[in-house]
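1. I'd like to go over a predicted model; first the sequence, then the structure.
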Amino acid sequence: MELALPVIMALILICGLLRKTDIVQAFCEGAEENLRTAVSLCPMLILLLTAVGMFTDSGAADAFSGLFSPLFRMLGIPHECCTLMLIRPISGSGSLAVLESLLSKISPDSFAARTACVIMGSTETTLYTIAAYCTAAKEKPCPQMFIASFAADLTGFILAPLVTRLFFA
């Protein structure tokens, strides 16, 4: 396993030499293109990070958690996971901070903590991913992207307590 990266790098160099490709030039062109993509993503990332900060700091996340808590309880989702479920589709770092806060307040071996960890592992930062992909591809997102992505997240949210009970009960 330690040799995997050096072997891959050697294979790339060998393939480049066999194809008589200017490896340094190809690397520089790829790096330049990736740098342009990263710069074009910055405005969208700043917008998303600002929106997440405003959503959590304003208390809106807690208000929505309280509003949806009865529905989550009916689905068997611990109320401690409500804020995580609201933040997760928007921000990976925000949801990680929510998870860290949750794990510092309750036992990591509790049902709620384990469910939160399953939620983190089985869902995606939907809005961030769509924004990053569409910005990089220079495409406008279509409604089907949002529907499919949120359906996948919703499935992860609903199945997380079931999986937690199945494997940790």
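-> Received, thanks.
2. next up, phi/psi of the residue nearest to the spatial centre of the chain, please.
-> The centre of the chain sits closest to Thr125, judged by C-alpha atoms, centre = their mean, with a distance of 3.2 Å. When read as degrees, to the nearest 10, the backbone of Thr125 gives phi -80, psi 80.
3. can you tell me, leaving aside adjacent residues, what's nearest to it?
-> Nearest non-adjacent residue to Thr125, counting by C-beta to C-beta, 6 or more residues apart in numbering: Gly92, 4.4 Å away. For every residue, glycine as well, the C-beta is placed using N, CA and C.
4. quick check, pLDDT for that neighbour.
-> The per-residue pLDDT reported for Gly92 equals 84.
5. and if you look at the one 5 residues further on?
-> Each residue has a pLDDT score; the one for Ala97 is 85.
6. now it: how far from Ile87?
-> Ala97 sits 8 Å away from Ile87, taking C-beta to C-beta, to the nearest Å as the criterion.
7. how about the helices of the protein, start to end?
-> Applying DSSP state H to the chain gives helices spanning 4-18, 23-57, 60-74, 82-87, 92-105, 111-122, 126-137, 143-168.
8. name the helices or strands packed onto the last one?
-> Think helix 143-168. Packing contacts for helix 143-168, counted by 3 or more C-beta pairs under 8 Å, 6 or more residues apart in numbering; DSSP states H and E, involve helix 111-122, helix 126-137.
9. and it, which residues are buried?
-> By 16 or more other C-beta atoms under 10 Å, the buried positions in helix 143-168 come out as 145, 149, 153, 156-157, 160-161, 163-164.
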